[in-house]
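Participant: Starting from these lines, generate the structure:
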Amino acid sequence: MISTKGRYALRVMIDLAERESESYIPLKEIAERQQISKKYLEIIVKDLVAGKLVAGTSGKGGGYRLCKKPEDTSVGEILALTEGTLAAVACLEKDAEPCPRASECQTLRLWAEYDKLTHDFFYGKMLSDFLPDPSR
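Facilitator: Numbering: from 1, shown residues only. Purely as a prediction, here's the structure:
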C-alpha cells in the first residue's frame, strides 16, 4: 500500500511541475493549495531534496523547485524515494539476501511478474502525464 507520504510527495511534485516556469515556490503556498499540513510537507520535501528531485532555498524568495523537467521524472522515482521498496515480497527487494528456497519456490514467478508490472507501471508514468494538456 502506498502511504500518505508517497501520495503527498506526488502531489507536491505535481504542484511544483504546474509552476515550473516560476522560481522557488514557498512551502506554505503548496501546503495551502494541497490542503496538507506544512509541518508534514517539511518532512516530505526534506526527502525530495535529499533524493535530488527538488532543490530548496531559504530566506526571501525561498521555497522549492524541481531539479528535473516533469517529462524526465517518473512516479516510480518519487515513490521509491518516499516509500522505499515497492517489492511485493522481501526476497525481491533490491540487495536482498538470496532466498534458500528460490529454486523450489512455486510462487516466485508470480511475485516477480507482479513486481515487474508494478515497476513498469510506476516508472512508465511521468510527472508531465499529470499536467494539464496545453492544447485544451
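Participant: mind listing what the most centrally placed residue in the chain touches?
Facilitator: Centroid-nearest residue in the chain, with Cα atoms, centre = their mean: residue 78, separated by 1.5 Å. The contact partners of residue 78, by Cβ atoms under 8 Å, 6 or more residues apart in numbering, come to 6, 9, 10, 13, 48, 53, 127. C-betas here are computed from N, CA, C, even on glycine.
Participant: swap in residue 102?
Facilitator: Residue 102 sits in contact with 91, 108, where contact means Cβ under 8 Å, 6+ apart.
Participant: cool, and residue 20?
Facilitator: By Cβ under 8 Å, 6+ apart, residue 20 lies in contact with 65, 66, 69, 70.
Participant: Report how many residues lie close to the last one.
Facilitator: Think residue 70. 18 (other Cβ atoms under 10 Å).
Participant: re the thing from before, list just the nearest of the contacts of residue 78 to residue 33.
Facilitator: residue 13 (13.0 Å; Cβ to Cβ).
Participant: which SS state does the closest one fall under?
Facilitator: For residue 13, the assignment made with DSSP: H, G, I helix; E, B strand; the rest coil gives helix.
Participant: How much space separates it from residue 112?
Facilitator: Residue 13 sits 29 Å away from residue 112, going by Cβ to Cβ, to the nearest Å.
Participant: Neighbour count: these two, which is higher?
Facilitator: residue 13 (25 against 16).
Participant: And the helices in the protein?
Facilitator: 4-18, 27-34, 38-50, 75-83, 108-123 (DSSP state H).
Participant: Out of the contacts of residue 20, list just those in strands.
Facilitator: Using DSSP state E, the subset of these located in strands is 65, 66.
Participant: Turn the contacts of residue 20 into TSV, columns for distance to residue 133 and pLDDT.
Facilitator: Converted to TSV, these look like this (distance: Cβ to Cβ, whole Å; pLDDT from 0 to 100):
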residue	distance to residue 133	pLDDT
65	22	95
66	19	96
69	16	94
70	13	95
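Participant: Thank you, goodbye.
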